[in-house]
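Colleague: Sequence and predicted model, in that order:
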Amino acid sequence: METTAIEMEEHHDQAENGKDLGQASDAAVHNGKMEPAEENPDSSDITESTRPIFIMDEPIEEPSATCCGCGEENKERGNWTCQCEMILTSIGWAAGLGQLWRFPMLCFRHGGGFLAVWLGMHFTLGFPLVLLEMTLGQFTSQGPPRAWRGVPLLHGVGFAVVVMMSILAIYQNTSMAYILHYLFVGSLRDLPNIMRCDNSWNTVECNDYGLTNTTRCREVAGFMWYDDSTGYWQNYTQCPTKSAPEEYWRNYLLQISDGLENMGAVQPGLAGFLFLSWLMVFLVLAFGIKSAGKVAYLTTTIPFVLLVFLLFRAMSLDGAVDGLIYHVTPYPYAGFDRTDLWVDAMMQVIYSLGVGCGCYTTLSSYNRFHNNTVRDAVLVVFANILVGMLCLCMSAGFLGFLGKQLNEPIENLVSSGPHLVFVVFPRVLGMLPASYLWSILFYLTLLLLAFSCQFVIVETIVTSLLDLFPSGNNGTGGLCNRRMLLHLLLTFTSCILFFLLGLPLVAQGGMYMYNLLDNFVASGFVILPILLLKSIGISWFYAINRWGRDLSHMLQYSCCYCCNKLVTVVCQVCWCLPIPLMLVGSLLWTSLLWPNEVYFENYKYSEGHVIMGWLIVGVELAPIPIVAIINCCLACCVKGRTIIRPPADWGPYLQQHHRGKRRGKVLSQPHIPPKPTIMVVDSTVTSL
């Protein structure tokens, strides 16, 4: 039986279109030669001289089981140059400013019990949620909006994440502007002036020593007090209560106004540093993950080294051990029976790991399909714990030294947020020998931690928007394909837009707006419902058994498959019931304890400002019901659409990664080689 070239092309087209999937699945592929399987009834009629030989344009790429997972698998969308770049970028996202701004204060408030609960929450809550987001992104190779098409009823979760991250990017980069000022101006030029009270911006309330210093106390006319020990009335004296770094921060840098009603003028210096920070973000993301992955080698590894240096310096100071003990076991001791301890530990793990923001979904969407995601999630969680402990010990050591020098109780010095970084730490660093050096190292560490978070936020937004464009015709890799050009355009547009929207935050009343956004944008009322819907969306709506099969299919070539299988099964149990119960309980507790009034220091926000904050929360969560209603209407009007089952075109990005069936077994569809050029010479099929 002779086989013509036309018949061979028709057979190849059938295999390529999936019409002869069973026969193509049973084909034996050996070194570029495809031979029909034995059960093919026509195979006996094909002699050795007439057997078709396929010479492919490129070799078939087998799933990589290496730990690195290097290589380009998705030529249209792109992959990480090396898997360690994705791991470092994810660690940089997790190890952000929150570990230094908030974590030491919580340890001081709750004591040693908080550390134990915090560590436990990393493995019972943090790790399963990180793995959920990573596996979803790797399985679909899509950003959050497209990835959540698998659950049509909760498709709006992906859009809610993008809205939240857009608002977060605007005010989060303001922190980088403050850090840049302290790095280039405060550390190099103004550090001696920060410690003195004889500058033009200082007031009579300034105290350049400590809260108990009496050398600058003054009598207050018209006020007297009765001294029981002497039986005489004494003149009332008032001592300065503001430190010199605090007045530098408020009066010189911020030039803060009297309230949100008086926004004042934009600070030119801060506006310049804000522009510089957005320029840095644009340059890093100009070429997508290819350039961001290279930058992660610096922005993730250098902060670890600097934190170790700062830790050794802090623990070598007088009073450092006292400060560490005070943070771990304060008085009175907070035990495990306090609900606020568990809720604070849960929220700290959520904030520090950055789950619920869609960043892990975005970063893992550029992985190779069979990458070992369990290993990546384990490394991220352990790195986050390490950074938290380094920040705690460093902060406690420095505060213990400051309390010893000022003869002040440590509880008077402990604070969180910008006050800790821009007021308390300059006092400590200014007292050290070689204060310029330690100040530069400290704020360089903060800059890298903040920067590694910021460009991940923007990349999540850009990737989510880019995935909404129709796929195809994007080129085959390189720096000049269509997708890369769109990425460059969206990154440039986003950075310019966010810079303009962030200018009010560097005005004289910008700190009031910054604090209001910080209280509402990523609050528990936003992040907890999103995490709850993500957990029940995969486990209840998509079906946990189906998702388990998808994970087994995706991780089948990973190292130590049995261990990964056991870990994913445990996480599936957590996604179904324990995590939703924990999130619901935390949401109810947050709702009950949420104050009716919002303050920034002594300033009370008006009802209109609080309503504006709740409107921001509503805008962030609005896409969830809106998209759900739209999908419900489409399910009623369009035949074949449902609101529970995933669409037929949802799943792995590349066709060869879709699961097929053969003899009752689940397997990957075979790699179909490119159509060869075939010519007939003497009734023999030959491919060129």
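Modeller: Noted; the coordinates are in hand.
Colleague: Which stretches in the protein count as strands?
Modeller: Here the chain has its strands, by DSSP state E, at 28-30, 33-35, 206-207, 218-227, 232-238, 242-243, 599-600, 603-604, 659-662, 665-668, 678-681, 684-687.
Colleague: Comparing those strands, which yields the minimum mean pLDDT?
Modeller: Ranked by mean pLDDT, the strands of the chain bottom out at strand 28-30, which scores a mean of 37.
Colleague: The residue nearest to L654 when sequence neighbours are not counted: how many residues sit nearby?
Modeller: Residue nearest to L654 in three dimensions, not counting chain neighbours: N74, with 6.2 Å by CB to CB, 6 or more residues apart in numbering. To be clear about C-beta, it is placed using only N, CA and C from the backbone, and glycine gets the same treatment. The tally of other residues near N74 (other CB atoms under 10 Å) stands at 18.
Colleague: cool, L283 as well?
Modeller: 14.
Colleague: could you check the distance from it over to L180?
Modeller: Look at L283 and L180: by CB to CB, to the nearest Å, they are 15 Å apart.
Colleague: wouldn't E73 be in contact with Q656 here?
Modeller: No. Using CB atoms under 8 Å, E73 makes no contact with Q656, being 9.7 Å away.
Colleague: So those two - more neighbours on which side?
Modeller: Between E73 and Q656, counting by other CB under 10 Å, E73 is the more crowded of the two (22 against 16).
Colleague: Could you report the pLDDT at the more buried one?
Modeller: At E73, pLDDT is 82.
Colleague: What backbone torsions are found at it?
Modeller: phi -100, psi -50 (degrees, to the nearest 10).
Colleague: what's the nearest residue to it if we skip its chain neighbours?
Modeller: The nearest residue in space to E73 (CB to CB, 6+ apart) is R368, at 4.7 Å.
Colleague: ok, now L490?
Modeller: V462 (4.8 Å).
Colleague: Contact partners for the one you found?
Modeller: Contact partners of V462, counting by CB atoms under 8 Å, 6 or more residues apart in numbering, are 285, 487, 490-491, 494.
Colleague: Distance check, the nearest residue to V598 once chain neighbours are set aside against Y514.
Modeller: Nearest residue to V598, sequence neighbours excluded (CB to CB, 6+ apart): Y605, at 4.5 Å. From Y605 across to Y514, the span is 13 Å (CB to CB).
Colleague: can I get the contacts of V462 in CSV with neighbour count and distance to T124?
Modeller: Listed next are the contacts of V462 as CSV, based on neighbours: other CB atoms under 10 Å; distance: CB to CB, whole Å:
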residue, neighbour count, distance to T124
L285, 26, 34
H487, 22, 37
L490, 19, 38
T491, 24, 37
S494, 21, 36
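Colleague: Now pLDDT too, for these, in TSV please.
Modeller: Below are the contacts of V462 laid out as TSV (pLDDT from 0 to 100):
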residue	pLDDT
L285	92
H487	90
L490	93
T491	94
S494	95
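Colleague: what sits against V424?
Modeller: Taking CB under 8 Å, 6+ apart, one finds 245, 399, 402, 413, 415 in contact with V424.
Colleague: ok, and the most crowded of those?
Modeller: Ranking the contacts of V424 using other CB under 10 Å puts L399 first, with 30 neighbours.
Colleague: does that one really touch E411, like I thought?
Modeller: No. In this structure, L399 is not within contact of E411 by CB under 8 Å, at 9.9 Å.
Colleague: P152 versus V638, what's the distance?
Modeller: Taken as CB to CB, the span from V638 to P152 is 11 Å.
Colleague: Tell me which of these two has more neighbours.
Modeller: More crowded of V638 and P152, by other CB under 10 Å: P152, with 24 against 9.
Colleague: Quick check: closest non-adjacent residue to the more buried one.
Modeller: Closest to P152 by CB to CB, 6+ apart is N631, at 4.4 Å.
Colleague: Likewise for G150?
Modeller: P646 (4.1 Å).
Colleague: Next: D318.
Modeller: K404 (5.5 Å).
Colleague: shouldn't the residue nearest to L654 be in contact with Q142?
Modeller: No. Using CB under 8 Å, N74 is not in contact with Q142, being 11.0 Å away.
Colleague: Overlap in contacts, those two.
Modeller: With CB under 8 Å, 6+ apart, N74 and Q142 have common neighbours Y653.
Colleague: Give the burial count for the residue lying closest to K294 once chain neighbours are set aside, as a bare number.
Modeller: Leaving aside its sequence neighbours, K294 sits nearest to E85 (CB to CB, 6+ apart; 7.3 Å). The local packing of E85 (other CB under 10 Å) involves 23 other residues.
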